[in-house]
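> What follows is a predicted structure for the sequence shown.
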Amino acid sequence: MSLFSENTLHGLNSLNISKSTSLIIEKHIIKQESNISSIYIETRPTVSDKVDMTTCHHFSTEWAELDIDPNSLNEIQNLSHEFQPQSLWLEYDDVASKLNNPGLHLSVKKQSALNVKKLCEILFKGTQPINDDTLINILGNAQVQHISRLYRNNSPTLKIHIKPKFKSGRMDCYFLHEHVKLKGLFHILDVIKNASEDYKDYIYFDLSFNNKPNSIAGLYLSNKEAKNTEYLNDLEKIISLLPVKKIEISKLIKLVKSNINYSLDIKVVIEKNEIYLKPYLGLIKNINVEQIRITKKLMELFS
Amino acid sequence: MSNNNIDFAYAVIHNIDNATEQFKDNSEALMAKFELTEDAKVKLREIGDAWSDGRTVAVEKGWAEFAEQFIGPELAASMRW
């Protein structure tokens, strides 16, 4: 077993995931390892067998070997370069039940409505899950990092992962109210507005769109850009401002601090009647492996 | 972090919009299109010269150095969700 698989298994053990779900993930990772660049595992606070997994497949991996509809893959590869995603991701909401039917997630390069719409066309085959005004409003206030097609409540759902923009040195996220009608979001946005400027690099949001009112949103707290090596204390300070039970916070922080060998982010889930925390464990394959793979492909072209 | 170098490598590897041939025929135009930094361009010119001269070992060494110095630092961010 490779070091990457071993690390993944150690990470799974630390998350208190049920044995059966852990085994499903383990087998899948070992089978697909050569085509995986990184893995993210998301657990729920109380249900140990319900785990979400997202795997990243960088352009140097063999996309044709992934569980992706060949027509969609063909359309992605036929996009003009300025619109092509550099990585494809597979999202398994509740991995134990959806291992054969993952959602597809595309990175967004060019920050334009045209680019996002082209990717939406591939994901949703002609149905438009988001209207132009909404999309333009989001792009005016945030960077769209990736978009996904997921099935939620038996309905194709567009999930958009965004990084709110800084405007005149401030991050104002109140535009989200136009797209998410959830009471808990008010509190979260107030916290963000009043939080120290130092914390704002950590803040990302997930919004979802389908034909029903938006009933869930996610605030991610992540040191994604690796700007701060001491970020865990900052994340603890931010979540202590949120309307979440202190016991939940201390449990999560204990878990995060005991797993500093992994990338561990925190997701704050905002639903109609509650706000709760989820750990988000990331295992990134050794950069050298990816680098060597890219080098090899470049060499082949100039041999 | 911008990932112009990864973007460039992606286009060349997959010959998107004819990038592989364009790099072989007119590397300056392709490097300008991807807005590569001057230090990355210097490394790529070395590779281009070695390839034109048929110096295979130098080409391989050049790509390995390009990947290490210019691709590697951008990879971590692009492998994050």
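Nice, I can see it. Numbering: from 1, shown residues only, chains lettered A, B, ... in the order given.
> Please work out the average pLDDT along the strand or helix carrying A:E6.
For A:E6, the host element (DSSP states H and E) is helix A:3-14. Averaged over helix A:3-14, pLDDT sits at 77.
> And that helix, what does it pack against?
When contacts are defined as 3 or more CB pairs under 8 Å, 6 or more residues apart in numbering or on different chains; DSSP states H and E, helix A:3-14 packs onto helix A:19-32, strand A:38-43, strand A:275-284. In this view, the C-beta of every residue, glycine as well, is placed from N, C-alpha and C.
> What ranges does chain A have for its strands?
Along chain A, counting by DSSP state E, strands occupy A:38-43, A:51-58, A:87-92, A:103-107, A:142-152, A:155-164, A:166-167, A:170-171, A:203-209, A:216-221, A:263-271, A:275-284.
> tilt between the fifth one and strand A:103-107?
Looking back up the chat, that one is strand A:142-152. Strand A:142-152 runs at 170 degrees relative to strand A:103-107, counting by axes from the mean of the first three to the mean of the last three CA atoms, to 10 degrees.
> If you count neighbours, what's buried in strand A:142-152?
Within strand A:142-152, the residues that count as buried by 16 or more other CB atoms under 10 Å in any protein chain shown are A:142, A:144-150.
> list the buried ones in stretch A:109-121?
Quick answer for stretch A:109-121 (16+ other CB under 10 Å): A:109, A:112-113, A:115-116, A:118-120.
> Can you show me the CA trace of the lengthiest helix in chain B as CSV?
When chain B is parsed with DSSP state H, its longest helix is helix B:38-52. Provided in CSV are the C-alpha atoms of helix B:38-52 (Å, rounded to 0.1, in the frame of the first residue of the first chain):
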residue,chain,number,x,y,z
GLU,B,38,10.3,36.4,-17.3
ASP,B,39,12.2,33.7,-15.3
ALA,B,40,9.8,31.0,-16.6
LYS,B,41,10.3,32.3,-20.1
VAL,B,42,14.1,32.0,-19.7
LYS,B,43,13.8,28.4,-18.7
LEU,B,44,11.4,27.6,-21.6
ARG,B,45,13.8,29.3,-24.1
GLU,B,46,16.5,27.0,-22.8
ILE,B,47,14.3,24.0,-23.4
GLY,B,48,13.3,25.3,-26.9
ASP,B,49,17.0,25.8,-27.9
ALA,B,50,18.0,22.4,-26.6
TRP,B,51,15.1,20.8,-28.6
SER,B,52,16.0,22.6,-31.8
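> Let me know the average pLDDT across it.
Per-region confidence: helix B:38-52 scores 94 on mean pLDDT.
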